[in-house]
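1. My questions concern the predicted model and sequence given below.
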Amino acid sequence: MSEIEKLIQTLEEDGIVLLPELLAESELSAMQASFDMELKQPRWNTSSGYQQNEKWRLLLEDVLTLDPAFLTLAIHPLARSIFSQYIGSSYILAEARGWETIATQRDFHGWHNDAWYDTEKVETRPRELKIGYYLTDVETGHFEYIRASHKLRGIPRHWGKHEIAQFSDDIVEVKGKAGSAFIFDTAGIHRQSSPVLTPRRVLLYTYHDSSVPIQEKDMKYGRYHSLLLRASFLGGLSDEERRVLGFGNMDYFTRFERPKRRYPLLHETIRRAMNLRLEWQDIAHETKNIFNGIRRRLRKNQNL
């Protein structure tokens with residue numbers, strides 16, 4: 001049995017599989033440096049940076065624009081072989097995100113299986129995989145997965161601690177050094193463990209068939225939008241790699257629709273504050289020009 005066959009067999013049986021080293025040390029270092037730079041400030045107006053919609057996690061969208069190594073991971077041949085055999089040949093990379101979890105004792109990220117498809121339009125749960133890649137050493141706040149729980153029936157939901165107690169012998173703990181990678185079926189029950197004693201940084205790339213109808217909530221907030229890519233990173237891609245990245249795929253393109261804002265009042269307050277700042281800036285600039293004009297005329301009169 002080949003390495004690929006063994007990995008897929010484990011994934012089929014357990015719903016999760018640990019991967020061998022995928023990237024060179026230099027690629028990991030480049031990813032860590034660019035990721036760290038983006039976390040220096042929030043993303044707003046003309047500034048790139050992180051997004052935040054919950055207290056304990058910082059989100060980086062569209063990480064494929066940060067460094068070529070992020071793209072290398074997304075279309076790694078080993079991972080693509082697993083995806084095509086497990087999901088089917090029509091899968092694409094639907095989402096490329098990075099997260100930093102702030103150190104906390106709070107258990108804020110409970111057990112769940114991922115909701116993404118429209119359960120009213122799809123009877124049989126479609127397959128979806130995520131690849132996780134640690135950018136920091138992770139001993140706490142690590143990923144946990146209930147072995148073989150991807151075989152359970154039912155719609156995606158959150159699971160209480162009393163329900164998880166029955167699976168205590170089947171919890172897979174994914175700890176590891178920076179550069180550790182794993183793939184899991186999102187139908188399985190999983191979570192980020194608690195507490196998080198040191199900040200955890202991880203990449204999570206999502207792969208599924210884009211023709212599957214997605215849930216209304218994700219449509220409203222513009223999730224699974226077409227990937228943002230940097231042209232300078234895209235030389236030498238094969239036809240298959242371009243397909244995986246969504247070249248020419250219009251499934252998630254929505255014309256004349258704006259994603260729903262999560263914090264409209266806060267956004268409007270900040271917008272108005274920025275407009276006031278620009279108004280004062282413009283007034284100060286014009287006032288300076290007026291005084292400079294007066295000084296020039298006074299000097300001219302003195303020289304006459």
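-> The structure has been received and is ready for your questions. Numbers count the residues shown, from 1 in each chain.
2. use CA for all of it now, contacts and neighbours both
-> Fine.
3. Count the neighbours of Leu73 for me.
-> 21 (other Cα atoms under 10 Å).
4. What of Asn289?
-> Residues contacting Asn289 under the criterion other Cα under 10 Å number 12.
5. Secondary structure of it: a strand, I assume?
-> No - counting by DSSP: H, G, I helix; E, B strand; the rest coil, Asn289 falls outside a strand, being helix.
6. That one: what's it in contact with?
-> By Cα atoms under 8 Å, 6 or more residues apart in numbering, the contact set of Asn289 is empty.
7. Show the model's pLDDT score for it.
-> Per-residue confidence at Asn289 stands at 86 (pLDDT).
8. gap between it and Glu279?
-> Note on Asn289: its distance to Glu279, by Cα to Cα, to the nearest Å, is 15 Å.
9. quick one, phi/psi of the residue nearest to Ile92 when sequence neighbours are not counted?
-> Nearest non-adjacent residue to Ile92, counting by Cα to Cα, 6 or more residues apart in numbering: Val244, 4.4 Å away. Val244 has phi and psi values of phi -60, psi -40 when expressed as degrees, to the nearest 10.
10. check contacts around Val244.
-> Contacts of Val244 by Cα under 8 Å, 6+ apart are 75, 91-93.
11. export those to TSV and tack on distance to Ser210 and secondary structure?
-> Listed next are the contacts of Val244 as TSV, based on distance: Cα to Cα, whole Å; DSSP: H, G, I helix; E, B strand; the rest coil:
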residue	distance to Ser210	secondary structure
Ile75	17	coil
Tyr91	7	strand
Ile92	7	strand
Leu93	9	strand
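12. Let me know the closest of those residues to His225.
-> Leu93 (10.7 Å; Cα to Cα).
13. Isn't that closest one up against Tyr205?
-> Yes - contact criterion Cα atoms under 8 Å: Leu93 and Tyr205 qualify, at 7.1 Å.
14. So the two - more neighbours on which side?
-> Shown here are Leu93 and Tyr205; by other Cα under 10 Å, Leu93 has more neighbours (25 against 20).
15. ok, how many other residues are close to the residue lying closest to that one once chain neighbours are set aside?
-> Closest residue to Leu93 apart from its sequence neighbours, by Cα to Cα, 6+ apart: Tyr207 at 4.6 Å. Tyr207: 25 surrounding residues under other Cα under 10 Å.
16. cool, and Asn301?
-> 9.
17. tell me which element it falls in.
-> Secondary-structure assignment from DSSP states H and E places Asn301 in helix 264-303.
18. for the stretch 201-304 of the chain, which spans come out with low pLDDT?
-> Scanning the stretch 201-304 of the chain for pLDDT under 70 picks out the ranges 255-256, 304.
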